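In: the sequence isn't on hand, but the structure is:
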């Protein structure tokens, strides 16, 4: 299934994209797409519906992030060796992770704000997992059993805030709109191998990032298992797993986003996003 939240900000409704690409409303079957909706029992119930009998939604409404009510937004850093190299960082010997503020979560095509005082606004195409069942001290072998599905995340980053303003990376990763997720959650039964998905990102139509999840240093399963050794992952939580090379910070000279720029990105089987940069 491809599960979505559609409608105006703060008034999103649950829906799904059927096999023909038609958006259909799920309001009669689930209140919203939160952790409870992504439990195995709830997903099994939704998968059993006759989609042809669900109300079709006309037009092209806005998509919100495909999950709400999250307890945490976890991000893995430097998880592609070429990306670590381009940022001048050593290859990690174990996963690096940090938290993005929950308030950074935003729709896949919503505008991204350039914060006040920002000088180094950057992009990062990533694959994210949304957790379906509580994960604490889970093994790598069992980790993906705790996943409801996958989606695209743009881990928008302000490098000056992140690197030069002291403290932890969270400072440069958490501004409002710095976490576009979606357009939909694709349930894991539709993804034969999460470690074989191509990914890309363009800025103003120019290809900047090209990668594949096969080149992750730490696999999706390893990332989820590892994070669960340090904190409990709850249903609905997002774990986004790092970016391939081609970020602005790694360019020579470094290149960053300005107001009016347009970022488009996509991952095989997971759809595409588009964001315009605006003033905060």
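Out: Sure thing, it's come through. As the structure is a prediction and not an experimental result, all values here were calculated from the model.
In: if you rank every helix and strand of this protein by mean pLDDT, what lands last?
Out: None of the helices or strands of the chain scores lower by mean pLDDT, DSSP states H and E than helix 81-86, at a mean of 84.
In: contacting residues around that helix?
Out: By Cβ atoms under 8 Å, 6 or more residues apart in numbering, the surrounding residues in contact with helix 81-86 are 78, 90-92, 215, 217, 242-247, 249-250. For glycine as for every other residue, the C-beta is placed from the backbone atoms N, C-alpha and C.
In: again, only this time at 10 Å
Out: 77-78, 80, 89-92, 96, 124, 209, 211, 215-217, 242-247, 249-252 (Cβ atoms under 10 Å, 6 or more residues apart in numbering).
In: tell me the mean pLDDT for the helix or strand following it?
Out: Once helix 81-86 ends, the next helix or strand along the chain (criterion: DSSP states H and E) is strand 96-100. Average pLDDT, strand 96-100: 97.
In: report the distance from strand 96-100 to the chain centre.
Out: Relative to the mean C-alpha coordinate of its chain, strand 96-100 is positioned 13 Å out (Cα atoms, centre = their mean, to the nearest Å).
In: direction included, what does it pair up with?
Out: strand 73-77 (antiparallel) (DSSP bridges).
In: do you know the pLDDT at the closest residue to residue 70 other than its chain neighbours?
Out: Closest residue to residue 70 apart from its sequence neighbours, by Cβ to Cβ, 6 or more residues apart in numbering: residue 236 at 4.9 Å. Here, the pLDDT recorded for residue 236 equals 98.
In: got the contact list for residue 236?
Out: The neighbourhood of residue 236, defined by Cβ under 10 Å, 6+ apart, consists of 33-39, 67-72, 130-132, 148.
In: taking those residues, please make a ChimeraX selection of just the buried ones.
Out: To isolate in ChimeraX the members of those that are buried, counting by 16 or more other Cβ atoms under 10 Å, one can use:
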select :33,34,35,37,38,39,67,68,70,72,130,131,132,148
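In: please flag which of the contacts of residue 236 sit within strands.
Out: 130-131, 148 (DSSP state E).
In: give me the phi and psi angles of residue 6.
Out: phi -130, psi 150 (degrees, to the nearest 10).
In: wait, doesn't it sit right on residue 58?
Out: No. Applying Cβ atoms under 10 Å, one finds residue 6 not in contact with residue 58, separated by 11.4 Å.
In: so those two - more neighbours on which side?
Out: residue 6 (24 against 8; other Cβ atoms under 10 Å).
In: what's the nearest residue to that one if we skip its chain neighbours?
Out: residue 61 (4.5 Å).
In: so what's that neighbour up against?
Out: Applying Cβ under 10 Å, 6+ apart, the residues contacting residue 61 are 4, 6-8, 12-13, 15, 23.
In: ok, of those, which one's closest to residue 193?
Out: Set against residue 193, the nearest of the contacts of residue 61 by Cβ to Cβ is residue 4 (23.6 Å).
In: give the intersection of the neighbour lists for residue 6 and residue 58.
Out: Residues touching both residue 6 and residue 58 (Cβ under 10 Å, 6+ apart): residue 23.
In: secondary structure element for the most centrally placed residue in the chain?
Out: Centroid-nearest residue in the chain, with Cα atoms, centre = their mean: residue 153, separated by 2.4 Å. Using DSSP H and E, residue 153 sits within strand 147-154.
In: state the mean pLDDT of that strand.
Out: 98.
In: quick one: that strand to strand 96-100, angle?
Out: Per axes from the mean of the first three to the mean of the last three Cα atoms, to 10 degrees, the angle that strand 147-154 makes with strand 96-100 is 80 degrees.
In: check which helices and strands whichever helix or strand comes after strand 147-154 sits against.
Out: Note on strand 147-154: by DSSP H and E, the next helix or strand toward the C-terminus is strand 157-158. Other helices and strands packing on strand 157-158, by 3 or more Cβ pairs under 10 Å, 6 or more residues apart in numbering; DSSP states H and E, are strand 121-122.
In: and the contacts of the strand it packs on?
Out: So strand 121-122 is contacted by 112-115, 155-162, 172, 175, 178, 243, 247-251, 254-259, 261, 263, 277 (Cβ under 10 Å, 6+ apart).
In: now the helices: where do they sit in this structure?
Out: With DSSP state H as the criterion, the chain has helices at 40-47, 81-86, 159, 220-227.
In: what about the third one, distance to the chain center?
Out: Centroid displacement of helix 159 relative to its chain, using Cα atoms, centre = their mean, is 19 Å.
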